[in-house]
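Asks: give me a model of this one.
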Amino acid sequence: MTLHQRLLAFSDRVNNLVEQLLLVIGVVFSLILFAQVLARYLGHSLSWSEETGRYLLVATTFLGSTVAYKRAHFIGLGGFGAKFGRVVERTIVRALQLLTLACFGFITWFGVGYTIKAWDQVSIAVQMPMSLPISVLPLSGAIFLLHVLVDLTKPWSAAA
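Replies: Numbers count the residues shown, from 1 in each chain. Here you go, the predicted structure:
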């Protein structure tokens, strides 16, 4: 089994877990919003619902973007270098993958630092360490790194 095949299998498993987590987050988010509307209709307010909903929405955005990348649902530059031949096109794709890897590496690195710095801060309504909702940033960055590494380890014959 090659490095690419191992990374691909691990990437697929991680993506499957993220998709399942997104389903759970979506259900919880819907239930919280329903409870909030019901409580306000009955004249009460759930002080924690807006803050929790905001954190779940941020988590959905970051984790959902990793799934979008894995499924190749982002806008791409396919065919950009096709005018110059397959070798130039593949070289452009590899260069973009390396830039993407560097970008997500920085996001992960600084996300870990920011998560650690935020450990002493506490959220207002839920009273949890702010590093918990912030930790989705380095987590999604690491997942992006995995997916980009899968793309980078593709053999040249299968890259384009």
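Asks: for the helix or strand containing Leu132, packing partners?
Replies: For Leu132, the host element (DSSP states H and E) is helix 131-134. The helices and strands touching helix 131-134, judged by 3 or more CB pairs under 8 Å, 6 or more residues apart in numbering; DSSP states H and E, are helix 49-70, helix 86-117. Heads up, the C-betas are built off the backbone N, CA and C, glycines and all.
Asks: wait, which of the ones you listed is closest to Phe29?
Replies: Shortest distance between Phe29 and the helices and strands packed on helix 131-134, using CB to CB, is found for helix 49-70: 4.6 Å.
Asks: flag every buried residue along the longest helix along the chain.
Replies: Ranked by residue count and defined by DSSP state H, the top helix of the chain is helix 3-41. Across helix 3-41, burial judged by 16 or more other CB atoms under 10 Å covers 4, 7-8, 11, 14-15, 18, 22, 25, 29, 32, 36.
Asks: so Glu51 versus Leu23, what's the distance?
Replies: Here the criterion is CB to CB, to the nearest Å. By it, Glu51 lies 22 Å from Leu23.
Asks: tabulate the helices and strands packed on helix 131-134 in TSV, adding columns for mean neighbour count and distance to Pro138.
Replies: Output for those, formatted as TSV (neighbours: other CB atoms under 10 Å; distance: least, CB to CB, whole Å):
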stretch	mean neighbour count	distance to Pro138
helix 49-70	17	10
helix 86-117	15	3
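Asks: so for the closest residue to Phe62 other than its chain neighbours, what's the pLDDT?
Replies: Excluding the flanking residues, the one nearest Phe62 by CB to CB, 6 or more residues apart in numbering is Ser140, at 4.0 Å. On pLDDT, Ser140 comes in at 97.
Asks: correct me if wrong, but Ser140 is in a helix.
Replies: Yes - counting by DSSP: H, G, I helix; E, B strand; the rest coil, Ser140 is found in a helix.
Asks: I'd guessed it sits against Val58; true?
Replies: No - the criterion here is CB atoms under 8 Å, and Ser140 misses it with Val58 at 10.1 Å.
Asks: now tabulate the helices and strands packed on helix 131-134 in a markdown table and tack on mean pLDDT.
Replies: Output for these, formatted as a markdown table (pLDDT from 0 to 100):
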| stretch | mean pLDDT |
| --- | --- |
| helix 49-70 | 94 |
| helix 86-117 | 92 |
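Asks: among these, which is nearest Leu152?
Replies: helix 86-117 (5.2 Å).
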